[in-house]
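**Student:** Below are the sequence and a predicted model for it; my questions follow.
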Amino acid sequence: MKNNRLIIISYRLPFSFKTENKTTTLKPSAGGLVTAVKSLDLSASSQKPIWIGCADFTQSVWEKSKHLVNDDFEYVPVFLDKAVNKGFYNGFSNSVLWPLFHYFPGFVDYHDEYLTAYQAANQAVCEKVIEHLKPTDMVWVHDYHFLALPQLIREREPEATIGFFLHIPFPSNELLRLLPRRCRDYLLEGLLGADLIGFHTNDYLIHFLQSVSLNLGLSHNLAKVLYQDRGVQCQAFPIGINYGLYHDAYAQPDVVSERDELKKSYPGKIIFSVDRLDYTKGVMQRLDALEAFLQSHPEWKGNLVFILVVVPSRDEIQTYWERKQMIEQAVGRINGKFATLTWVPIVYRYASLAFPQLIALYTACDVAMITPLRDGMNLVAKEFIATRQDQQGVLLLSELTGAANELGDALLVNPLDEYEVADQLNVALMMPPEEQQRRMAVMQRRVEQYDVKQWANDFFDALAATRQGKRKNHVR
Ligand code: G6P
């Protein structure tokens, strides 16, 4: 099956361009999806895989600079109309689907125009897929931006092989039903155009099966939904990371010198967190917990630092830039309350980190405090685990992340309960090295075994199996 050409579709292409002083340079992004797809053994196929995504550059930049993109893929950028992209990305994707699927119904800002833009963007991407699609291709659609796309492709090419993977949670139907009926049916039917639908966890899978049953009256047998005379296989595939990349970075010279510098600057305990700026990440609640902790454990004052890194994200959306202000106020208030003339409890950075700095922080810290209010998986937790060649450090992890299903040896907490988080933070800081080592070893085995390569291969094999199944039915 791996001699079939792969067509990947995701909102972002794995690169962008930067133009400075009239010179354009390529900025590759080292996201998980790129690693995953590159790790698939597609060598049997004589054709390059195709990657279709929405361009964050203009057509003229692309024409002038596409020669810079020298890769194993053929890239196909889709140039959406500016207003369509706004309604599609800022609007329906990130102001409706994102908050709703992460259990923030109060943050949903639904407008019919957003849905119209979402439909237009999915249609535009569908046209590009159809332009390239051959009968033997395998199509793999990614994430909540393209819930409608599988069915759009199916209507044009009924025999196509289509897989879909959702990188965020699929919520309970109690959330989904808040959308207008026509909207939720459109999304569910859109997804059912696929042959295989993948989720991170069994909970998300069960929510989806319940939603198709409650909204569309469709039954399923062993997670195969019967829809328009086809079987749609639904399955959990928890995404992993490139374990080797993170594990091997521990001893890199630039990482070692950054780590030494950190340890010299912060001789006490180091608590670390890094997240994209997003209300789902629970940064405000984390700060509340830290405040409760400093209040109830004054013995730690002067003996620890919390390094809080927030990575800029989606800053055109009000709920995002408002969050930045809230976080900065809270950091200022807590530092003002507890700092002395020679010590501050929180070191805050609003920036994306270079890889060596990130690894230095993962490997210098005593506690990684990863407490989202909701997260489809959370790869930061897995990256932290992978980096710790020394098998030291404690993972304090929200039980409301997909990763918590796999990382039972973390200290699991309810991120909304600031007193529980504060108590567990103390447990983490006091944990003996032998216990840290025992827990870390178990989690490392899991993260190493089920890495991103395994994830991509499992999905791809399952998609290939749906195709073989269809063929057999044909022969009969
Ligand atoms: C989540 C989504 C991805 C998205 C990423 C960054 O992980 O599942 O699809 O690319 O956030 O968000 P952005 O809006 O910057 O692409």
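**Tutor:** That came in fine, so what should we check first? Numbers count the residues shown, from 1 in each chain.

**Student:** From here on, just use CA atoms for contacts and neighbour counts.
**Tutor:** Noted.

**Student:** measure residue 231 to residue 99 for me?
**Tutor:** Applying CA to CA, to the nearest Å, the value for residue 231 to residue 99 is 30 Å.

**Student:** And residue 7, by the same measure?
**Tutor:** For residue 7, the distance to residue 99 equals 29 Å [CA to CA].

**Student:** Please identify which of these two sits among more neighbours.
**Tutor:** Counted by other CA atoms under 10 Å, residue 7 and residue 99 do not tie: residue 7 has more neighbours, with 23 against 18.

**Student:** looking at it, the more buried one is touching residue 136, isn't it?
**Tutor:** No - the pair residue 7 / residue 136 is not scored as a contact, 10.8 Å apart, by CA atoms under 8 Å.

**Student:** Mind listing the residues bridging to the nearest residue to residue 198 once chain neighbours are set aside?
**Tutor:** Using CA to CA, 6 or more residues apart in numbering and skipping residues adjacent in sequence, the residue nearest residue 198 is residue 165, 4.5 Å away. Taking DSSP bridges as the rule, residue 165 bridges to residue 142, residue 198.

**Student:** Count residues in the vicinity of residue 165, would you?
**Tutor:** Neighbour tally, residue 165, other CA under 10 Å: 24.

**Student:** Quick check: it touching residue 194?
**Tutor:** No - assessed by CA under 8 Å, residue 165 is found out of contact with residue 194, at 9.9 Å.

**Student:** Does the residue of the stretch 51-200 of the chain found nearest the ligand belong to a helix, a strand or coil?
**Tutor:** Residue nearest to the ligand within the stretch 51-200 of the chain: residue 167 (4.6 Å; CA to the nearest ligand atom). Secondary structure, DSSP: H, G, I helix; E, B strand; the rest coil: residue 167 is coil.

**Student:** Got phi/psi on it?
**Tutor:** phi -90, psi 0 (degrees, to the nearest 10).

**Student:** Contacts only, for the residue lying closest to it once chain neighbours are set aside.
**Tutor:** Nearest non-adjacent residue to residue 167, counting by CA to CA, 6+ apart: residue 143, 5.4 Å away. By CA atoms under 8 Å, 6 or more residues apart in numbering, the contact list for residue 143 reads 10, 11, 164, 165, 166, 167, 168.

**Student:** Going by distance to residue 64, which of the residues you listed wins?
**Tutor:** For the contacts of residue 143, the residue nearest residue 64 by CA to CA is residue 11; the value is 22.0 Å.

**Student:** The closest one is in what secondary structure piece?
**Tutor:** strand 6-12 (DSSP states H and E).

**Student:** do residue 207 as well
**Tutor:** helix 202-216.

**Student:** Show the subsequent helix or strand relative to that helix.
**Tutor:** That would be, after helix 202-216 and using DSSP H and E, strand 220-221.

**Student:** Parallel or antiparallel, which strands does that next one pair with?
**Tutor:** strand 224-227 (antiparallel).

**Student:** just how off-centre is the partner strand within its chain?
**Tutor:** Put simply, strand 224-227 sits 27 Å off its chain's centre (CA atoms, centre = their mean, to the nearest Å).

**Student:** likewise stretch 247-259?
**Tutor:** 25 Å.

**Student:** Was I right to think residue 401 contacts residue 376?
**Tutor:** Yes - with contact defined as CA under 8 Å, residue 401 counts as touching residue 376 (6.0 Å).

**Student:** Okay, strands next: where are they in the stretch 151-300 of the chain?
**Tutor:** 161-165, 196-199, 220-221, 224-227, 230-236, 269-276 (DSSP state E, counting those that start in this stretch).

**Student:** In contact with the residue nearest in space to the middle of the chain: list those residues for me.
**Tutor:** Centroid-nearest residue in the chain, with CA atoms, centre = their mean: residue 167, separated by 5.6 Å. Listed by CA under 8 Å, 6+ apart, the contact set of residue 167 reads 142, 143, 144, 199, 200, 376, 377.

**Student:** which regions of this protein sit below the pLDDT cut-off?
**Tutor:** 1-2, 30, 41-45, 471-476 (pLDDT under 70).

**Student:** Alongside the ligand, which residues does it contribute?
**Tutor:** For the chain, the residues in contact with the ligand (CA under 6 Å from any ligand atom) are 143, 167, 168, 313, 314.

**Student:** any chance of those residues in a markdown table, with distance to residue 397 too?
**Tutor:** Below are the residues of the chain next to the ligand laid out as a markdown table (distance: CA to CA, whole Å):
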| residue | distance to residue 397 |
| --- | --- |
| 143 | 24 |
| 167 | 19 |
| 168 | 17 |
| 313 | 22 |
| 314 | 24 |
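
**Student:** between the strand holding residue 11 and strand 161-165, how many degrees?
**Tutor:** Put simply, strand 6-12 runs at 30 degrees to strand 161-165, going by axes from the mean of the first three to the mean of the last three CA atoms, to 10 degrees.

**Student:** Dump strand 6-12 to CSV, restricted to CA.
**Tutor:** Output in CSV follows, covering the C-alpha atoms of strand 6-12 (Å, rounded to 0.1, in the frame of the first residue of the first chain):
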residue,chain,number,x,y,z
LEU,A,6,0.0,10.4,-0.2
ILE,A,7,-1.8,13.7,-0.3
ILE,A,8,-1.6,15.6,3.0
ILE,A,9,-3.9,18.5,3.8
SER,A,10,-3.4,20.8,6.8
TYR,A,11,-4.2,24.4,7.4
ARG,A,12,-0.5,25.3,7.7
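
**Student:** quick one: strands adjacent to that strand?
**Tutor:** Applying DSSP bridges, strand 6-12 is found paired with strand 50-54 (parallel), strand 138-142 (parallel).

**Student:** one step back: what's the separation between the residue nearest to residue 198 and residue 237?
**Tutor:** 9 Å.

**Student:** Quick check: neighbours shared by those two?
**Tutor:** The contact lists of residue 165 and residue 237 share 198, 199, where a contact means CA under 8 Å, 6+ apart.
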